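S.K.: Any chance you can model this:
(one chain, ligands or ions: 2)
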Amino acid sequence: MKITFILPCVGKKPNEPYVKTWLMEPLAIAVLSSLTPPEVERVFYDDRLESIPYDEPTDLVAVNVESYSAKRAYQVAEQYRRRGVPVVMGGFHATLMPDEAAEHADAVVVGAAEPLWPTVLEDFKRGEMKKKYVYGKGNDFSPLLPDRSIYRGKKYTKVTLIEAGRGCPFHCEFCSICQFFNRKYFPRPVEDVVRELKALKAKRVFFIDDNLVVDREHTKALMTAIRPLNVQWVGQVSLNIAKNTEMLGLMKESGCLGVLIGFESLDRGNLEAMGKDVNAVVRDYDESLKVIKKYGLAIYATFMFGYDNDTEESFQEALKFALRQNFFFMAFNHLVPFPGTPLYDRMKREGRLLYDKWWLAEDYRFGDIAFEPKRMSAETLSRYCLKYRNKFYSLSSIVKRGFDFRANCKSLFMVGVYFIQNVISRGDVARRQGLPLGIPPQTEVFGGPGTFFQKGSWSPKAPWQGDPQTRSAGGKHENANSKDSIRYGI
Ligand code: B12
Ligand code: SF4
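M.R.: Ligands and ions are numbered 1, 2, ... in the order given. So this is what the prediction gives:
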């Protein structure tokens, strides 16, 4: 028996490389591979880096589906199913939208793969694969280590992704994580994390937990256990970490180089509307950052714009704040109504969705706004995000921030990482904006790694060939509701 694993890309611009900062190891594929019995032959195609050989014989195809890659996942599935090969889907989007995914797959796995994947394979072997597999209890880690040999031959960013826990107990209205994990946190046994780090001999690690400091005792035990391993790591934490200097000390001693913090907004009203209580308890961002910075940690700050109090001043203030704080990286994201979130439901109730299913809409591009903001147009919101990202990643800003030696450039290694990654991120601002979702199959002819050449009749004047700053988001959205989903007909 042979399984083909697929990680779909979001979409591609003809003759251009894929978004570079997104090219990390896809951990879900290594986890699935580890759960697959050794006698099963496995191959993996990463759609971001290579072409998919649809005609290569295989018995079963397993596809990871996120909301941004859903359209592409369905296109890929259609290609295999046309050839008579059954397709199984799983991942965030497949879990939050199982009925939609089931229209494009032979089976859908809802939730974590660990407790279900072996059963799916058993059922498949017997010719009795079910349409849906649902795991309702929570999220079990497997003692098996992810099988990273599945990445062989593929060039990813040189950082190892690893999990110390899953989920988050908070309830921010826009967040897919708390929906996926039912607002719970599931710690992974510390000894398994240590065993994985030792087996990998990994020196540069990204703890992908959405909030590494949810369960203080677990995190302390983890930091203490990894201290002797001499790894350098980055992770995502919440801002209230500033109140816990013991934890900050442990993080630093265990090799923490930097943290990603979701600031989201400088406006209290916006934070309340988001339900981002974990930030609302921190009265003064500058004071909190002063504490965190004492530990010499680089900071990747993420902001989200589009809540009801946001105006252009909100962008100006956030930029001022980011430059004052010399953040290592900064994300100026726009609010996205991800399916299955309370935000999506609220926007729908309030009649503010510009698309019923933006992730499948024919004319939706990465960077487009999928809802009607209160105090500016959708087009203006999209344009401001782009404008202020460009300002943050301007050459003068990169140089200025680089001079904060303590936070950003405290060793020769960090100087290299800082400048290379900031220059790549600068390029990615344009690479991501206007990225179409999916690749119409009739145009799918691949070129060099990560690129494809366009053929056929697809969009002779594609939107990204125009000026992304003037392309109208608001206008075109008017006709883009509901029926517009999936008109790419394969
Ligand atoms: C690391 C990470 C990244 C990295 C690397 C991504 C990569 N592909 O390697 C970077 C930073 C590049 C990134 C980029 C983006 N990301 Co990201 N990312 C994550 C993060 C933190 C961890 C992903 C991971 O490896 N998890 C560990 C694996 C084991 O878990 P998993 O993927 O859920 O897989 C499990 C199950 O879902 C299931 N499963 C998954 N696939 C399949 C397939 C089958 C067949 C089966 C049976 C089961 C199954 O089994 C697995 C084991 O239990 C998640 C949040 C999270 N906690 O997962 C966000 C997350 C996936 N990202 C998200 C987003 C939005 C993005 C961006 C669009 C952000 C942006 N604006 O740029 C881009 C899109 C990039 C792309 N798709 O090409 C969202 C997706 C939401 C959604 N509804 O789809 C998440 C959930 C974060 C969030 N806060 O909402 N991301
Ligand atoms: S704190 Fe972060 S991970 Fe947790 S619910 Fe809020 S946005 Fe999601």
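S.K.: can you tell me which residues contact the closest residue to ligand 1 within the chain?
M.R.: Closest to ligand 1 within the chain is Gly90: 2.3 Å, counting by CB to the nearest ligand atom. (C-beta placed from N, C-alpha, C; glycine too.) With CB atoms under 8 Å, 6 or more residues apart in numbering as the criterion, the residues that contact Gly90 are Ala28, Leu32, Ala62, Val63, Asn64, Val65, Val108, Val109, Val110, Ala113.
S.K.: so which of the residues you listed is the most crowded?
M.R.: Using other CB atoms under 10 Å as the neighbour test, the contacts of Gly90 are led by Val65, with 31 neighbours.
S.K.: Please list all residues in contact with Val76.
M.R.: Here Val76 is in contact with Ile6, Pro8, Asp47, Ile52, Val61, Val63 (CB under 8 Å, 6+ apart).
S.K.: Number of residues surrounding the third one?
M.R.: Just to be clear, that refers to Asp47. The tally of other residues near Asp47 (other CB under 10 Å) stands at 26.
S.K.: repeat for the second one
M.R.: Burial measure for Pro8: 27 neighbouring residues, criterion other CB under 10 Å.
S.K.: What part of the chain, helix or strand, is modelled with the least confidence?
M.R.: helix 473-477 (a mean of 37; mean pLDDT, DSSP states H and E).
S.K.: Now do the same for the residue of the chain closest to ligand 1: its pLDDT.
M.R.: Gly90 is assigned a predicted lDDT (pLDDT) of 98.
S.K.: Ok, Lys137 next?
M.R.: For Lys137, pLDDT reads 61.
S.K.: who are the neighbours in contact with Phe281?
M.R.: If you look again at residue 281, you'll see it is Val, not Phe. Asn240.
S.K.: how far away is it from Trp233?
M.R.: Separation of Val281 from Trp233 (CB to CB, to the nearest Å): 26 Å.
S.K.: thinking again about what came up before, just the closest of the contacts of Val76 to ligand 2, please.
M.R.: Distances from ligand 2 to the contacts of Val76, taken by CB to the nearest ligand atom, are shortest for Pro8, at 23.5 Å.
S.K.: Alongside ligand 1, which residues does the stretch 301-450 of the chain contribute?
M.R.: Within the stretch 301-450 of the chain, the positions adjacent to ligand 1 are Asn333, Phe338 by CB under 6 Å from any ligand atom.
S.K.: just the helices in the stretch 301-450 of the chain please.
M.R.: 312-325, 342-349, 378-392, 395-402, 405-408, 412-432 (DSSP state H, counting those that start in this stretch).
S.K.: can you tell me which of these comes nearest to ligand 2?
M.R.: That would be helix 342-349 among the helices of the stretch 301-450 of the chain, by CB to the nearest ligand atom, at 10.7 Å.
S.K.: got TSV for the contacts of Val76, with pLDDT and secondary structure too?
M.R.: Output for the contacts of Val76, formatted as TSV (pLDDT from 0 to 100; DSSP: H, G, I helix; E, B strand; the rest coil):
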residue	pLDDT	secondary structure
Ile6	98	strand
Pro8	98	coil
Asp47	96	coil
Ile52	95	coil
Val61	98	strand
Val63	98	strand
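S.K.: Greatest separation within these: which pair is it?
M.R.: The largest distance within these, taken as CB to CB, falls between Asp47 and Val61 and amounts to 12.1 Å.
S.K.: Need the overlap of contacts for the two.
M.R.: Ile6, Val76.
S.K.: Does Phe328 touch Ser397 like I think?
M.R.: No - between Phe328 and Ser397 there is no contact under CB atoms under 8 Å: 11.8 Å.
S.K.: okay, the two: which has more neighbours?
M.R.: Phe328 (27 against 20).
S.K.: Now do the contacts for the more buried one.
M.R.: Contacts of Phe328 (CB under 8 Å, 6+ apart): Gly258, Ala298, Ile299, Tyr300, Arg401, Ala407, Asn408, Tyr418, Asn422.
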